[in-house]
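> Okay, predicted coordinates and the sequence, questions at the end:
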Amino acid sequence: MSAFERIHVAADVVAALGAGDRAAAGEVYRALSSVVYTLALRLLADRQLANEVTQDTFVEVIERANTVESPAAFVGWVRSIAVNRCLMKLRSPWHRRRLPWTDGDAHDHGATAARLDGFGDLERALRQLPSKTRFVVWMHDVEGYTHGEIALLTGKTESYSKSQLKRAHARLLAWHTENDDGRSNAAAPRDGVARIADGGAAG
Amino acid sequence: MTALRALPTAAPPAEAWDEIERRTRVAPRRRPLDRAGAKLDWRWAGVASAAALALAIGAVAYERLGAARASAQIPALVARSQSLERQIAHARPDVRWGDGRAAVVYRLADLDRELAPLALDPVRDPRRAEALWRQRVVLMQSLSEFDAPDASSPSRTVAF
C-alpha cells in the first residue's frame, strides 16, 4: 500500500482549504508533506529538487483546492500533482543536464552518497538507477500504478514500462546480492576496492 | 520488491512551509466603506466619477497599445531564444559545467517554469511574456559565451 493511501484528510478540512482557510492549509501540509517530499526524493534522487517539488505541489494544492469536487479523492489528487511536478523536473532539458552533472563527477557522487547514509543500502541502490527506470519501479512497486498508467504518464508504451521494471528489479537484485556478499565476508574487499588494492600491490 | 515500500519517509526542510506560506499569501481584503460615517457631496462625486472614467479609458488605451507592442515582439524573441538553444545543444552536448554555467542553467530552469503558463497563452500577459522571453535570450547568449574560445577569460559577465 502506498504511503499516500494510509493518509486521510477529513472532508471538512478539504472544504476549508478550498475556502482559503490558512489553518486548513497548515493541517494538510502537516499530513501530506512527508509523503510528498519522500515521493519526490525517491523519483528525483536530489534533495534540493525534492524540496522544490514539495513547495510547488503545495502551492498548487492551496491555490486550486477550490476545484476539488470529491474530498475522498483529495489525497490522490495531491499525489498526481506531485508526480506531474516530478515529471516536469525530469523532462526539463535544464534539469536533465543538471542531474547528470551532479552525478557524473566521481568526487561529487561520493559526497552525495555519504549524505544518503542514513537512508540505508536500498535507498542508495535505488538512487543509482537511471531516472526513468527509477520512476517506473517506484510508481509500479510502491505507488501501485499499472503499466498502462505509467505508459500514459511517461508517454511511452506499456512494454517499455515492463522492460524498465524488469531492468530495475535485475539491477536492484544484483546490487543486493553483491552487497550481501560483501557483508557476509567482511575480510574480502568489494570488487572496486579489490581492484584498487591489487593495483597498489602490483605497483 | 516489498522492501522498497518499507523505506522510511523523509521530512522536507523546516523552512519549506514558510516559503509555501509566503508564495500563497494574498493581500488582505479592504474593509468595506463605513457607510454610516460617510457624507457624500454629489457634485464632487460627479466630478470624481468623470475624472476616474477618463483615467480608466486612457489607462486601457495605453495598456492595449503597450500589450500590442509586446505581443508583436514575442515571436522574434522566441525564435531567437530557440535558435541560440539549438546552437548551444549542438555545439558542445557533452560539456562539463563550471559554477558560472550552472548558475545560468539554474536561472534558465526557473525562467522556463515561469514561462510555461505564459507560453500557452501569451495574450493573457504579453508584457510579462515579452520580458521573460527577452531575459531568456540574454541568458542563452550568456550560456553560449561559455562555449566561446575565450571562455576562461575572467572579464566575462553573466547576465541575470
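Arrived safely.
> Tell me the helix or strand right after the helix-or-strand element of chain B with minimal mean pLDDT.
Every helix and strand in chain B was compared by mean pLDDT, DSSP states H and E; the lowest is helix B:99-120, with a mean of 71. As assigned by DSSP states H and E, the chain's next helix or strand after helix B:99-120 is helix B:126-146.
> Report the buried residues of that following helix.
Neighbour-count burial for helix B:126-146 flags B:126, B:129-130, B:132-140, B:142-143, B:145-146 (criterion: 16 or more other CB atoms under 10 Å in any protein chain shown). In this view, the C-beta of every residue, glycine as well, is placed from N, C-alpha and C.
> if you look at that helix, does any of it touch chain A?
No - Helix B:126-146 lies out of reach of chain A by CB under 8 Å from any CB of the partner chain, never closer than 10.1 Å.
> quick one: A:Phe58 and A:Ser33 touch, right?
Yes - assessed by CB atoms under 8 Å, A:Phe58 is found in contact with A:Ser33 at 7.2 Å.
> The two: who's more crowded?
A:Phe58 (27 against 20; other CB atoms under 10 Å in any protein chain shown).
> for the more buried one, what are its contacts?
Counting by CB atoms under 8 Å, 6 or more residues apart in numbering or on different chains, A:Phe58 makes contact with A:Ala25, A:Val28, A:Tyr29, A:Leu32, A:Ser33, A:Val36, B:Ile20, B:Thr24.
> about what we covered before: would you point out the most distant pair within the buried residues of helix B:126-146?
Distances among these were taken as CB to CB; the most separated pair is B:Pro126 and B:Phe146, at 30.8 Å.
> Dump the contacts of A:Phe58 to CSV, plus secondary structure.
Converted to CSV, these look like this (DSSP: H, G, I helix; E, B strand; the rest coil):
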residue, secondary structure
A:Ala25, helix
A:Val28, helix
A:Tyr29, helix
A:Leu32, helix
A:Ser33, helix
A:Val36, helix
B:Ile20, helix
B:Thr24, helix
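> who wins for neighbours among the residues you listed?
Neighbour-wise, these (other CB under 10 Å) top out at A:Val36, 28 neighbours.
> what residues are up against it?
Residues counted as contacts of A:Val36 (CB under 8 Å, 6+ apart) are A:Val53, A:Thr54, A:Thr57, A:Phe58, A:Val78, A:Arg79, A:Ala82, B:Pro12.
> Surely the second one and B:Pro12 touch.
Yes - with the criterion set as CB under 8 Å, A:Thr54 and B:Pro12 qualify as a contacting pair; they are 4.8 Å apart.
> and for those two, which residues touch both?
Residues touching both A:Thr54 and B:Pro12 by CB under 8 Å, 6+ apart: A:Ser33, A:Val36, A:Tyr37.
> pLDDT added to the residues you listed, as TSV?
Converted to TSV, those look like this (pLDDT from 0 to 100):
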residue	pLDDT
A:Ser33	96
A:Val36	97
A:Tyr37	96
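> so, if you compare the residues you listed, which one comes nearest to chain B?
Nearest to chain B, judged by CB to the nearest CB, of the shared contacts of A:Thr54 and B:Pro12 is A:Tyr37 at 4.0 Å.
> Between the two ends of stretch A:4-20, how far is it?
23 Å (CA to CA, to the nearest Å).
> Quick one: the helices in chain A, in order.
When assigned using DSSP state H, the helices of chain A occupy the ranges A:11-18, A:22-44, A:47-64, A:74-91, A:93-104, A:106-115, A:120-127, A:131-137, A:147-154, A:158-184, A:191-202.
> OK, contacts around the nearest residue to B:Leu84 once chain neighbours are set aside?
Excluding its sequence neighbours, the residue lying closest to B:Leu84 (CB to CB, 6 or more residues apart in numbering or on different chains) is B:Met140, at 3.7 Å. Taking CB under 8 Å, 6+ apart, we find B:Met140 in contact with B:Arg80, B:Ser81, B:Leu84, B:Glu85, B:Ile88, B:Leu108.
> Apply 7 Å and report the result again.
When contacts are counted by CB atoms under 7 Å, 6 or more residues apart in numbering or on different chains, B:Met140 touches B:Ser81, B:Leu84, B:Glu85, B:Ile88.
> Next: B:Thr24.
A:Val59, A:Ile62, A:Glu63.
> just the buried members of those?
A:Val59, A:Ile62.
> which ones among the contacts of B:Thr24 come in contact with chain B?
Among the contacts of B:Thr24, the ones lying near chain B by CB under 7 Å from any CB of the partner chain are A:Val59, A:Ile62, A:Glu63.
> Thought A:Glu27 was touching the second one, still the case?
So that's A:Ile62. No - assessed by CB atoms under 7 Å, A:Ile62 is found out of contact with A:Glu27, at 11.7 Å.
> which helices and strands sit right next to the top helix by length along chain B?
In chain B, assigned by DSSP H, the helix with the most residues is helix B:42-91. With contacts defined as 3 or more CB pairs under 7 Å, 6 or more residues apart in numbering or on different chains; DSSP states H and E, the packing partners of helix B:42-91 are helix B:126-146.
> on that earlier part again, just put the contacts of A:Phe58 in TSV and tack on distance to B:Ala72.
Supplementary listing: the contacts of A:Phe58 in TSV, determined by distance: CB to CB, whole Å:
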residue	distance to B:Ala72
A:Ala25	41
A:Val28	44
A:Tyr29	43
A:Leu32	45
A:Ser33	44
A:Val36	42
B:Ile20	37
B:Thr24	34
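> which one of the residues you listed is nearest B:Ala48?
For those, the nearest to B:Ala48 is B:Thr24 (35.6 Å; CB to CB).
> gap between A:His176 and A:Thr133?
16 Å (CB to CB, to the nearest Å).
> between those two, which one's more packed in?
A:Thr133 (20 against 14).
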